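> have a look; sequence and predicted model below, questions after that.
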Amino acid sequence: MELRHIRYFIAVAEELNFTRAAEKLFTAQPSLSQQIRDLESEIGVKLFSRTKRKVELTKAGEVFLKEARLVLQQANLAIQVTRDSVRKSNRKITMGFVPSAEVKIFPKIMPFIREKMPSLNIELKSLNTIEQEKALLKGNLDVAFLRQTVEGFKNNLIYQEELILVMSVEHPLALENEIPVNLLQDQNIIVTDPNFSGALGILTNQYLKENNVKYKKIQNASNILFTLNLVSMGMGVAILPDYVISLLNPSICFKRMVNPTPPTINLYMSWHDHCAMEEFQYFLSLMEQNFNISCCGNE
């Protein structure tokens, strides 16, 4: 007995007419009649009482109809559950991020996602701001945590970070409680490459220029860890977002700058607004709850 026999039997039982049942099943009447005869032969009882004028269920047919409907219902449920499990296992959100998000955002929201949405596959890609913008435009990212907004996408300001000065603990400036900007005059400063950092390099150069600070640029560093390594080796000081405080090793310290204080640097979340996936909407709700924002930001 196959499921098609069950379906054929139910169709005839509901229509009590082989012609209409065959049309409903998109099959030929002779073929349908043969399938029913095969089913009756396998079960060993007559399921229908047939005359030239009408078709009726036998007592055995009534019993079988009740059970057949349960069988078909369970089979359909098994198919749906299987398909749902595949869809859930294939659900994925791809997130790009700069290190600030890795330090300040993911530890807050990832535990909740893992608890509430264990079937969701989250792919994290460590990319600089410019790389993330390109990936968003190509459709390779669903969400980006980066230093600038991306035109054509939903954008939301997550937070503003203070810029701080980091240096070796053996650097003369390490003795100061705060660093007036004029003390950076003629200092060796490790600058983050604008091609990698986007806003950070621009803000740093602008801050120093506006305060007439002429410095010695030691090297354009391509990432934060490289910058911190150079600082640790005593190559110079660096102006970085305050998230790096949690990354500093014992050989590095940080100081806040004053007179004037430097500008803050923004972290944005940009994303595709077409995703209706339940898990993605849950992710947006977590961002709203943890960072006091509204995920209906401007494009």
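Noted; the coordinates are in hand.
> how much space separates the residue nearest to V103 when sequence neighbours are not counted from L47?
Residue nearest to V103 in three dimensions, not counting chain neighbours: Y243, with 4.6 Å by Cβ to Cβ, 6 or more residues apart in numbering. All C-beta spots, glycine's among them, are computed from the backbone N, C-alpha and C. Look at Y243 and L47: by Cβ to Cβ, to the nearest Å, they are 73 Å apart.
> same check, this time on P107
64 Å.
> more neighbours, these two?
Between P107 and L47, L47 has the larger neighbour count (other Cβ atoms under 10 Å), namely 22 against 9.
> these two touch, right, that one and L39?
Yes. Contact criterion Cβ atoms under 8 Å: L47 and L39 qualify, at 6.9 Å.
> now for the two: what residues contact both?
F9 (Cβ atoms under 8 Å, 6 or more residues apart in numbering).
> buried residues in stretch 211-223?
211, 213, 215, 218-221, 223 (16 or more other Cβ atoms under 10 Å).
> where in the protein is pLDDT low?
Low-confidence segments of the chain (pLDDT under 70): 81-90, 197-198, 274-276, 296-299.
> domain ranges for it, per the record?
Following automatic domain parsing, one gets these domains for the chain: 3-89, 91-159+266-291, 163-263.
> now the shortest one, how far from the centre of its chain.
Translated: domain 3-89. 45 Å (Cα atoms, centre = their mean, to the nearest Å).
> next SSE after the helix or strand hosting I164?
For I164, the element it lies in under DSSP states H and E is strand 163-168. Next helix or strand after strand 163-168 toward the C-terminus (DSSP H and E): strand 178-180.
> neighbouring strands - and their directions - for that next one?
Next to strand 178-180 in the sheet, as set by DSSP bridges, lie strand 252-258 (parallel).
> got a list of contacts for the helix or strand following the partner strand?
Counting by DSSP H and E, the next helix or strand C-terminal to strand 252-258 is strand 265-271. Residues from elsewhere that reach strand 265-271, judged by Cβ under 8 Å, 6+ apart: 98, 100-101, 104, 132, 136, 142-150, 153-161, 163, 199-200, 203, 241, 284, 287, 297.
> now intersect these with the strands, please.
Using DSSP state E, 143-146, 154-161, 163, 241 are the members of these that sit in strands.
> check the residues you listed and tell me the two furthest apart.
K154 and L163 (26.7 Å; Cβ to Cβ).
> find the residue at the geometric middle of the protein.
Closest residue to the average C-alpha location of the chain: I93 at 2.7 Å, with Cα atoms, centre = their mean.
> now do the contacts for it.
120-123, 142-143, 277, 279-280, 283.
> of these, closest to S33?
Distances from S33 to the contacts of I93, taken by Cβ to Cβ, are shortest for M277, at 47.3 Å.
> how many residues are close by that closest one?
M277, neighbours per other Cβ under 10 Å, totals 15.
> please apply the same query to the one 3 residues further on.
Neighbour count of F280, defined by other Cβ under 10 Å: 19.
> who are the contact partners of it?
Per Cβ under 8 Å, 6+ apart, neighbours of F280: 93, 142.
> which strand or helix spans it?
Under the assignment here (DSSP H and E), F280 is part of helix 278-291.
> what comes up buried for stretch 246-264?
Buried-residue list, stretch 246-264, by 16+ other Cβ under 10 Å: 248, 252-255, 257, 262.
> who's in contact with that stretch?
So stretch 246-264 is contacted by 99, 103, 160-169, 173-174, 176-182, 184, 203-204, 206-207, 211, 224-225, 228, 231-232, 239, 242, 244-245 (Cβ under 8 Å, 6+ apart).
> can I get the contacts of I93 in a markdown table with distance to F9?
Below are the contacts of I93 laid out as a markdown table (distance: Cβ to Cβ, whole Å):
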| residue | distance to F9 |
| --- | --- |
| L120 | 42 |
| N121 | 42 |
| I122 | 47 |
| E123 | 48 |
| D142 | 47 |
| V143 | 51 |
| M277 | 40 |
| E279 | 41 |
| F280 | 44 |
| F283 | 47 |
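> just the element for the residue nearest to the centre of the chain, please.
Using DSSP H and E, I93 falls in strand 92-97.
> with that, I have no additional questions.
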